[in-house]
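> how does the following fold in three dimensions:
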Amino acid sequence: MRSSAINQPSAVEKVDTSYLETLIGYNARRAALAVIAEFLEKMAVYDLKPVDFSVMSVIVHNPGVTSRQLCACLNILPPNLVGLIQSLDSRGLIERQPHPHDGRAMGLYPTEKGKNLMLDAEATASELERNVGGKLTPNQAQTLVMLLQKIYL
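Below is the predicted model of the structure:
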């Protein structure tokens, strides 16, 4: 006769994630999820998703940047950027002008509305970074950014 205890699965009191916690990708993803959740909430007032924010930031800080340059620096596939650029243009945040050196390319420029929006959105993002990084010293935060960039730059 078999004991019913043998057939019972064991209960897990504390979940062991120690192996996962040794992985760079796991830790980067967990940190990103924590930051993105708050970022989405704070950027909703500007109607900006993370990729919108990144594209607008690059355009504001690099007036005349081309779509090709945006794709390269932000690792965005060209088909994914087309609709995004159209959306930002239709919202009056950017405008396209002929590139001064490449007749085939269009430069992307922020409008006054786009500049003003990003001035506020970047201030909000900086505040969010201070809040999220509040568990780190300024030196630790700077080191973390530098180490993460070593992985993808």
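> from here on, contacts and neighbour counts on C-alpha atoms
OK.
> can you pull out the strands in the chain?
Counting by DSSP state E, the segments of the chain that form strands are 65-66, 94-98, 106-110.
> which residues does Phe39 contact?
By CA atoms under 8 Å, 6 or more residues apart in numbering, the contact set of Phe39 is Pro50, Ala125, Leu128.
> which pLDDT value belongs to the residue most central in space within the chain?
When CA atoms, centre = their mean is applied to the chain, the residue found nearest the centroid is Pro50 (4.5 Å). At Pro50, the model reports a pLDDT of 96.
> quick check: it touching Leu40?
Yes. At 7.3 Å, Pro50 counts as touching Leu40 under the criterion of CA atoms under 8 Å.
> how about low-confidence regions in this structure?
The chain contains residues with pLDDT under 70 at 1-6.
> if I look at Met118, how far off is Ser54?
Separation of Met118 from Ser54 (CA to CA, to the nearest Å): 10 Å.
> the more surrounded of those two?
Neighbours were counted for Met118 and for Ser54 using other CA atoms under 10 Å; Met118 has more, 21 against 14.
> would you check that the more buried one makes contact with Ser57?
Yes. Judged on CA under 8 Å, Met118 makes contact with Ser57 at a distance of 6.9 Å.
> thanks a lot, catch you later.
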